[in-house]
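# This is a predicted model, with the sequence first.
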Amino acid sequence: PSLPEMTRVAIELLRKNQGKAISFMVEGARIDHAHQSTIANAALDDTRALAFAGETEFNMTNSDETLILVTADHGHTMSMSGYADRGEDVRKYDTNEYGTDHLPRAILSYANGKGFLNHITANDGEVERTDLRDMDMTDFYFRSPSSAPKSSETHSGADVGIFASGPYAHLFHGVHEQTFIYHVMTFSACLDDYVNEAHCTLV
């Protein structure tokens, strides 16, 4: 079953707990796995699945009483670079500007990972890049270029976004420590240290 389908079934089952506060998590774990293998196309596809799962949850719940959060526990080293025209396929290469070796650059690439050996060859001490024009970059399992060889791509140190809707979603703004997410969740649900807050005692 797809992630949106599993989300729908989970909500239908949880609805049987009438009158009880519920917390559940939907994880797009395959996004992480795809990035670790430097397969950007698969990561994009699984990100799309997570977006549809979030849409399913939003449409099946009451935004006045359900706090929905979408975030990540870490980033990855994938970057989007170049001067591609609007409408260009992000899975391919930038057609506007080539490298000094007169070969195209991938729009999506990684700082490290398995993709290094797929795109770099060494001949008599000279390092050469493979020609992306000879590859099917839209293949689901296409391994994107990497700057440094590694058996598995690493996480990044970049901040990740937090997107929210529902009660007290407005508390997410600017930059926060990760533990702040827990406090907003418990504050919104009147749990732990926040059971006696004003909004929790309203009849």
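Noted; the coordinates are in hand.

# what's the weakest-modelled helix or strand in the protein?
Within the chain, no helix or strand scores below strand 120-123, which has a mean of 82 by mean pLDDT, DSSP states H and E.

# Other residues contacting that one?
Contact with strand 120-123 is made by 127, 128, 129, 130, as judged by CB atoms under 8 Å, 6 or more residues apart in numbering. (Each C-beta comes from the backbone N, C-alpha and C, glycine too.)

# one more time with 10 Å
Residues outside strand 120-123 that contact it (CB atoms under 10 Å, 6 or more residues apart in numbering): 127, 128, 129, 130, 145, 146, 147, 149.

# Lowest-confidence one in those residues?
Lowest pLDDT among the contacts of strand 120-123: residue 127, with 83.

# what residues are up against that residue?
With CB under 10 Å, 6+ apart, residue 127 has these contacts: 101, 120, 121.

# Need the per-residue pLDDT for the first one.
Residue 101 carries a pLDDT score of 92 in this model.

# State the distance from it to residue 26.
Residue 101 sits 44 Å away from residue 26, going by CB to CB, to the nearest Å.

# Comparing these two, which shows the higher neighbour count?
For residue 101 versus residue 26, neighbours defined as other CB atoms under 10 Å are more numerous around residue 26 (18 against 11).

# State the distance from that one to residue 108.
25 Å.

# Point to the residue nearest the middle of the protein.
Geometric centre of the chain, nearest residue: residue 47, 5.4 Å, by CA atoms, centre = their mean.

# List the contacts of the residue nearest to it when sequence neighbours are not counted.
Take residue 47 and drop its neighbours on the chain: the residue closest to it by CB to CB, 6 or more residues apart in numbering is residue 31, 5.5 Å away. Contact partners of residue 31, counting by CB under 10 Å, 6+ apart, are 42, 43, 44, 45, 46, 47, 48, 49, 50, 72, 76.

# Check which helices and strands the longest strand that the chain contains is in contact with.
Of all the segments of type strand in the chain, defined by DSSP state E, the longest one is strand 93-98. Where contact means 3 or more CB pairs under 10 Å, 6 or more residues apart in numbering; DSSP states H and E, strand 93-98 is packed against strand 104-106.

# The residue nearest to residue 130 when sequence neighbours are not counted: what's it in contact with?
Distances taken as CB to CB, 6+ apart place residue 119 nearest to residue 130, at 4.9 Å, with adjacent residues excluded. Each residue near residue 119 by CB under 10 Å, 6+ apart is listed here: 38, 103, 106, 109, 128-132, 135, 143-146.

# Got a quick ChimeraX command for the buried subset of the residues you listed?
Per 16 or more other CB atoms under 10 Å, the buried members of those correspond to this ChimeraX selection:
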select :38,106,109,132,135,143,144,145,146
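
# Would you convert the contacts of residue 119 into TSV that also reports secondary structure and distance to residue 67?
Converted to TSV, the contacts of residue 119 look like this (DSSP: H, G, I helix; E, B strand; the rest coil; distance: CB to CB, whole Å):
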residue	secondary structure	distance to residue 67
38	coil	34
103	coil	48
106	strand	38
109	strand	36
128	strand	52
129	strand	47
130	coil	47
131	coil	49
132	helix	44
135	coil	44
143	coil	38
144	coil	35
145	coil	40
146	strand	38
